[in-house]
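J.: Curious how this folds, go ahead:
(one chain, ligands or ions: 2)
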Amino acid sequence: AVKAEPLLVVRDVRKRFGAFDALKGVSFDLAAGETLAIVGESGSGKSTLARMLLRLDEPDAGSAHWKGRDLFKLSPAELYKLRRELQMVFQDPTQSLNPRMTVYQLISEAWAIHPDILPKAKWQERVAELLVQVGLSADHMGRYPHQFSGGQRQRIAIARALALEPRLIVCDEAVSALDVSVQAQVIRLLDQLRRDMGISFIFIAHDLPVVRDFADYVMVMRKGEVVEMGTVTQVFDTPREAYTRALFAASL
Ligand code: ADP
Ligand code: MG
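T.: Ligands and ions are numbered 1, 2, ... in the order given. As a prediction, this is how the structure comes out:
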(Lines give C-alpha, C1' and ligand atoms only; values in the text may rest on other atoms or scores of the structure.)
(Ligands and ions follow the chains in the order given, each with its own letter.)
Protein backbone atom coordinates (compact mmCIF):
# COMPACT_ATOMS: atom_id res chain seq x y z
CA ALA A 1 0.00 0.00 0.00
CA VAL A 2 1.14 3.56 -0.68
CA LYS A 3 1.78 5.32 2.56
CA ALA A 4 0.39 8.85 2.94
CA GLU A 5 2.87 11.72 3.27
CA PRO A 6 3.67 11.99 7.00
CA LEU A 7 2.10 14.88 8.84
CA LEU A 8 4.64 14.66 11.62
CA VAL A 9 8.19 13.27 11.40
CA VAL A 10 9.89 13.05 14.79
CA ARG A 11 13.59 12.21 14.96
CA ASP A 12 15.92 11.53 17.87
CA VAL A 13 14.26 13.74 20.46
CA ARG A 14 16.32 14.03 23.63
CA LYS A 15 15.66 15.67 26.96
CA ARG A 16 17.56 15.70 30.24
CA PHE A 17 16.38 17.01 33.56
CA GLY A 18 19.63 17.58 35.44
CA ALA A 19 21.43 14.24 35.38
CA PHE A 20 18.28 12.35 34.44
CA ASP A 21 17.73 11.28 30.81
CA ALA A 22 13.97 11.58 30.35
CA LEU A 23 14.07 11.09 26.55
CA LYS A 24 17.01 9.22 25.02
CA GLY A 25 16.30 9.66 21.32
CA VAL A 26 12.70 9.11 20.27
CA SER A 27 11.68 8.83 16.61
CA PHE A 28 8.40 8.13 14.87
CA ASP A 29 6.22 9.19 11.92
CA LEU A 30 2.54 10.02 11.92
CA ALA A 31 0.45 10.24 8.74
CA ALA A 32 -2.62 12.44 8.37
CA GLY A 33 -5.71 10.86 9.87
CA GLU A 34 -3.73 8.24 11.78
CA THR A 35 -3.85 7.57 15.49
CA LEU A 36 -0.65 6.66 17.30
CA ALA A 37 -1.00 5.39 20.84
CA ILE A 38 1.93 5.77 23.22
CA VAL A 39 2.02 3.30 26.09
CA GLY A 40 4.62 2.51 28.73
CA GLU A 41 4.97 2.40 32.49
CA SER A 42 4.71 5.57 34.50
CA GLY A 43 7.83 7.72 34.18
CA SER A 44 8.80 6.39 30.74
CA GLY A 45 8.70 9.88 29.19
CA LYS A 46 5.33 9.93 27.43
CA SER A 47 4.16 13.28 28.81
CA THR A 48 7.60 14.80 28.38
CA LEU A 49 7.53 13.84 24.70
CA ALA A 50 4.03 15.29 24.25
CA ARG A 51 5.07 18.55 25.90
CA MET A 52 8.11 18.84 23.59
CA LEU A 53 5.94 18.39 20.48
CA LEU A 54 3.66 21.18 21.64
CA ARG A 55 6.70 23.25 22.62
CA LEU A 56 5.40 23.51 26.16
CA ASP A 57 8.96 22.60 27.08
CA GLU A 58 12.17 22.77 25.03
CA PRO A 59 13.96 19.63 23.83
CA ASP A 60 17.76 19.35 24.08
CA ALA A 61 18.11 17.77 20.64
CA GLY A 62 16.18 16.24 17.78
CA SER A 63 13.63 17.45 15.27
CA ALA A 64 9.89 17.31 14.75
CA HIS A 65 8.88 18.19 11.21
CA TRP A 66 5.27 19.21 10.83
CA LYS A 67 4.24 19.61 7.20
CA GLY A 68 7.91 20.03 6.39
CA ARG A 69 8.78 22.62 9.07
CA ASP A 70 10.81 21.75 12.16
CA LEU A 71 8.60 22.68 15.11
CA PHE A 72 11.68 22.82 17.32
CA LYS A 73 13.22 25.59 15.19
CA LEU A 74 10.22 27.86 14.80
CA SER A 75 10.37 31.38 16.15
CA PRO A 76 7.69 32.31 18.67
CA ALA A 77 5.73 34.15 15.94
CA GLU A 78 5.84 31.19 13.53
CA LEU A 79 5.04 28.78 16.33
CA TYR A 80 2.01 30.84 17.28
CA LYS A 81 0.59 30.39 13.78
CA LEU A 82 1.42 26.71 13.33
CA ARG A 83 0.61 25.74 16.88
CA ARG A 84 -3.06 26.35 16.18
CA GLU A 85 -3.22 23.10 14.25
CA LEU A 86 -1.67 21.16 17.13
CA GLN A 87 -3.84 20.95 20.18
CA MET A 88 -3.54 19.05 23.43
CA VAL A 89 -6.11 17.58 25.78
CA PHE A 90 -4.80 16.77 29.27
CA GLN A 91 -5.87 14.17 31.81
CA ASP A 92 -7.20 16.86 34.08
CA PRO A 93 -9.29 19.39 32.11
CA THR A 94 -8.91 21.91 34.92
CA GLN A 95 -5.33 22.30 33.66
CA SER A 96 -6.63 24.02 30.55
CA LEU A 97 -10.04 25.35 31.67
CA ASN A 98 -9.89 28.53 33.71
CA PRO A 99 -12.55 28.10 36.45
CA ARG A 100 -13.51 31.79 36.29
CA MET A 101 -14.49 31.68 32.62
CA THR A 102 -17.78 30.53 31.15
CA VAL A 103 -17.87 27.85 28.50
CA TYR A 104 -18.57 30.55 25.94
CA GLN A 105 -15.52 32.53 27.06
CA LEU A 106 -13.31 29.44 27.23
CA ILE A 107 -14.10 28.41 23.68
CA SER A 108 -14.22 31.86 22.07
CA GLU A 109 -10.93 32.82 23.73
CA ALA A 110 -9.31 30.64 21.08
CA TRP A 111 -10.62 32.97 18.35
CA ALA A 112 -9.58 36.09 20.23
CA ILE A 113 -6.01 34.77 19.95
CA HIS A 114 -6.47 33.76 16.29
CA PRO A 115 -8.89 36.37 14.91
CA ASP A 116 -8.43 35.21 11.31
CA ILE A 117 -10.39 32.00 11.99
CA LEU A 118 -13.79 33.44 12.81
CA PRO A 119 -15.27 36.98 12.93
CA LYS A 120 -16.68 37.95 16.30
CA ALA A 121 -20.24 38.14 14.97
CA LYS A 122 -20.12 34.37 14.43
CA TRP A 123 -18.66 33.34 17.78
CA GLN A 124 -21.90 32.59 19.59
CA GLU A 125 -23.34 30.48 16.77
CA ARG A 126 -20.08 28.55 16.42
CA VAL A 127 -19.79 27.88 20.18
CA ALA A 128 -23.32 26.46 20.06
CA GLU A 129 -22.37 24.21 17.12
CA LEU A 130 -19.21 22.99 18.83
CA LEU A 131 -21.07 22.18 22.05
CA VAL A 132 -23.58 20.11 20.13
CA GLN A 133 -20.76 18.43 18.20
CA VAL A 134 -19.13 17.24 21.44
CA GLY A 135 -22.45 16.05 22.86
CA LEU A 136 -23.28 18.99 25.15
CA SER A 137 -26.20 21.38 25.02
CA ALA A 138 -25.82 24.81 23.41
CA ASP A 139 -27.81 26.16 26.40
CA HIS A 140 -24.82 25.46 28.63
CA MET A 141 -22.49 28.09 27.19
CA GLY A 142 -23.10 30.45 30.10
CA ARG A 143 -22.07 27.87 32.71
CA TYR A 144 -18.73 27.54 34.48
CA PRO A 145 -16.50 24.43 34.38
CA HIS A 146 -17.34 23.36 37.96
CA GLN A 147 -21.01 23.02 36.95
CA PHE A 148 -20.15 20.04 34.75
CA SER A 149 -19.14 16.44 35.43
CA GLY A 150 -15.60 15.24 34.69
CA GLY A 151 -16.64 13.73 31.37
CA GLN A 152 -18.50 16.89 30.36
CA ARG A 153 -15.48 19.01 31.27
CA GLN A 154 -13.34 16.83 29.03
CA ARG A 155 -15.89 17.45 26.24
CA ILE A 156 -15.50 21.21 26.81
CA ALA A 157 -11.72 20.84 26.54
CA ILE A 158 -12.23 18.94 23.27
CA ALA A 159 -14.64 21.61 21.93
CA ARG A 160 -12.03 24.20 22.75
CA ALA A 161 -9.36 22.26 20.87
CA LEU A 162 -11.74 21.92 17.90
CA ALA A 163 -12.41 25.66 17.82
CA LEU A 164 -8.97 26.12 16.26
CA GLU A 165 -9.57 23.53 13.52
CA PRO A 166 -6.65 21.30 14.54
CA ARG A 167 -5.02 18.66 12.34
CA LEU A 168 -3.53 16.83 15.35
CA ILE A 169 -4.76 16.46 18.90
CA VAL A 170 -2.39 15.08 21.50
CA CYS A 171 -4.39 13.40 24.27
CA ASP A 172 -2.29 12.82 27.38
CA GLU A 173 -4.26 10.33 29.48
CA ALA A 174 -7.34 12.30 28.41
CA VAL A 175 -9.79 9.60 29.52
CA SER A 176 -7.78 7.98 32.31
CA ALA A 177 -9.49 9.85 35.14
CA LEU A 178 -13.01 9.13 33.90
CA ASP A 179 -15.37 6.30 34.84
CA VAL A 180 -15.21 3.42 32.40
CA SER A 181 -18.63 4.13 30.84
CA VAL A 182 -17.78 7.83 30.44
CA GLN A 183 -14.39 6.86 28.99
CA ALA A 184 -16.17 4.89 26.29
CA GLN A 185 -18.37 7.87 25.44
CA VAL A 186 -15.44 10.26 25.11
CA ILE A 187 -13.52 7.72 23.01
CA ARG A 188 -16.55 7.41 20.75
CA LEU A 189 -16.53 11.19 20.33
CA LEU A 190 -12.81 11.23 19.47
CA ASP A 191 -13.32 8.37 17.01
CA GLN A 192 -16.09 10.33 15.33
CA LEU A 193 -13.83 13.38 15.01
CA ARG A 194 -11.17 11.24 13.45
CA ARG A 195 -13.58 9.78 10.91
CA ASP A 196 -15.54 12.95 10.09
CA MET A 197 -12.71 15.46 10.13
CA GLY A 198 -9.61 13.37 9.48
CA ILE A 199 -7.95 14.63 12.65
CA SER A 200 -4.81 12.73 13.69
CA PHE A 201 -4.28 11.72 17.29
CA ILE A 202 -1.36 10.98 19.52
CA PHE A 203 -3.09 9.07 22.23
CA ILE A 204 -1.19 8.52 25.46
CA ALA A 205 -3.00 5.98 27.59
CA HIS A 206 -2.43 3.19 30.05
CA ASP A 207 -5.74 1.48 29.40
CA LEU A 208 -4.74 -1.09 26.82
CA PRO A 209 -8.24 -2.22 25.72
CA VAL A 210 -8.98 1.44 24.91
CA VAL A 211 -5.74 1.68 22.93
CA ARG A 212 -6.58 -1.48 21.04
CA ASP A 213 -9.98 -0.13 20.07
CA PHE A 214 -8.95 3.37 19.19
CA ALA A 215 -5.43 3.44 17.76
CA ASP A 216 -3.92 2.41 14.43
CA TYR A 217 -0.33 2.19 15.68
CA VAL A 218 1.24 1.67 19.08
CA MET A 219 4.58 2.90 20.34
CA VAL A 220 5.83 1.27 23.53
CA MET A 221 8.15 3.41 25.65
CA ARG A 222 10.44 2.49 28.51
CA LYS A 223 12.81 4.80 30.38
CA GLY A 224 12.89 7.42 27.64
CA GLU A 225 13.31 5.02 24.74
CA VAL A 226 11.06 3.40 22.17
CA VAL A 227 11.00 -0.32 22.90
CA GLU A 228 8.86 -1.30 19.95
CA MET A 229 6.40 0.15 17.51
CA GLY A 230 3.91 -1.33 15.08
CA THR A 231 0.27 -1.64 14.15
CA VAL A 232 -2.12 -2.33 17.01
CA THR A 233 -2.61 -5.88 15.73
CA GLN A 234 1.13 -6.57 15.47
CA VAL A 235 2.04 -5.22 18.87
CA PHE A 236 -0.93 -6.68 20.75
CA ASP A 237 -1.00 -10.09 19.07
CA THR A 238 2.70 -10.68 18.58
CA PRO A 239 4.70 -8.35 20.87
CA ARG A 240 8.40 -8.71 20.11
CA GLU A 241 9.77 -7.47 23.41
CA ALA A 242 9.56 -9.05 26.85
CA TYR A 243 8.91 -5.58 28.29
CA THR A 244 5.79 -5.21 26.12
CA ARG A 245 4.53 -8.66 27.12
CA ALA A 246 5.07 -7.83 30.79
CA LEU A 247 3.31 -4.47 30.38
CA PHE A 248 0.31 -6.16 28.77
CA ALA A 249 0.25 -8.94 31.36
CA ALA A 250 0.33 -6.38 34.20
CA SER A 251 -2.67 -4.50 32.83
CA LEU A 252 -4.96 -7.52 32.42
P1 ADP B 1 5.13 9.48 31.81
O2 ADP B 1 4.23 10.51 31.24
O3 ADP B 1 5.52 8.41 30.85
O4 ADP B 1 4.60 8.89 33.09
P5 ADP B 1 6.90 11.73 32.24
O6 ADP B 1 7.24 12.18 30.86
O7 ADP B 1 5.91 12.51 32.98
O8 ADP B 1 6.51 10.17 32.21
O9 ADP B 1 8.22 11.71 33.11
C10 ADP B 1 9.40 11.04 32.70
C11 ADP B 1 10.45 11.25 33.75
O12 ADP B 1 10.94 12.58 33.70
C13 ADP B 1 9.94 11.02 35.16
O14 ADP B 1 10.92 10.32 35.89
C15 ADP B 1 9.76 12.42 35.70
O16 ADP B 1 9.97 12.46 37.08
C17 ADP B 1 10.84 13.19 34.94
N18 ADP B 1 10.44 14.61 34.74
C19 ADP B 1 9.41 15.04 34.00
N20 ADP B 1 9.34 16.40 34.00
C21 ADP B 1 10.38 16.82 34.79
C22 ADP B 1 10.85 18.12 35.20
N23 ADP B 1 10.26 19.25 34.78
N24 ADP B 1 11.94 18.15 36.01
C25 ADP B 1 12.53 17.01 36.41
N26 ADP B 1 12.15 15.78 36.07
C27 ADP B 1 11.08 15.67 35.27
MG1 MG C 1 2.35 11.19 31.86
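
J.: burial measure for His146, as a count.
T.: Neighbours of His146 under the rule other Cβ atoms under 10 Å: 9. Placement of C-beta: from N, CA and C, glycine included.

J.: ditto for the one 5 residues further on
T.: Neighbourhood size, Gly151 [other Cβ under 10 Å]: 19.

J.: can you tell me how far it sits from Val10?
T.: According to Cβ to Cβ, to the nearest Å, Gly151 stands 31 Å off from Val10.

J.: ok, now Phe28?
T.: Distance from Phe28 to Val10, by Cβ to Cβ: 5 Å.

J.: of those two, who's got more company?
T.: A count of neighbours by other Cβ under 10 Å puts Val10 above the other of Phe28 and Val10, at 23 against 19.

J.: and the more buried one, that one's in a strand?
T.: Yes - counting by DSSP: H, G, I helix; E, B strand; the rest coil, Val10 is part of a strand.

J.: And Pro6, its phi and psi?
T.: phi -60, psi 140 (degrees, to the nearest 10).

J.: what sits against it?
T.: Each residue near Pro6 by Cβ atoms under 8 Å, 6 or more residues apart in numbering is listed here: Asp29, Leu30, Ala31, His65.

J.: Do the helix or strand containing the second one and ligand 2 come into contact?
T.: Spelled out, it's Leu30. Assessed by DSSP states H and E, Leu30 sits inside strand 20-31. No - looking at strand 20-31 against ligand 2 by Cβ under 5 Å from the ion, there are no contacts, and the closest approach is 11.0 Å.

J.: For whichever residue of the stretch 1-150 of the chain sits closest to ligand 2, list the residues it contacts.
T.: Distance from ligand 2 to each residue of the stretch 1-150 of the chain (Cβ to the ion) is smallest for Ser47, at 3.2 Å. By Cβ under 8 Å, 6+ apart, the contact set of Ser47 is Asp172, Glu173, Ile204.

J.: what bridges to the last one?
T.: Judged by DSSP bridges, the bridge partners of Ile204 are Ile38, Asp172.

J.: Tell me who's in contact with it.
T.: Ala37, Ile38, Val39, Lys46, Ser47, Ala50, Val170, Cys171, Asp172, Glu173.

J.: Next: Ala177.
T.: So Ala177 contacts Gln91, Asp92, Gly150 (Cβ under 8 Å, 6+ apart).
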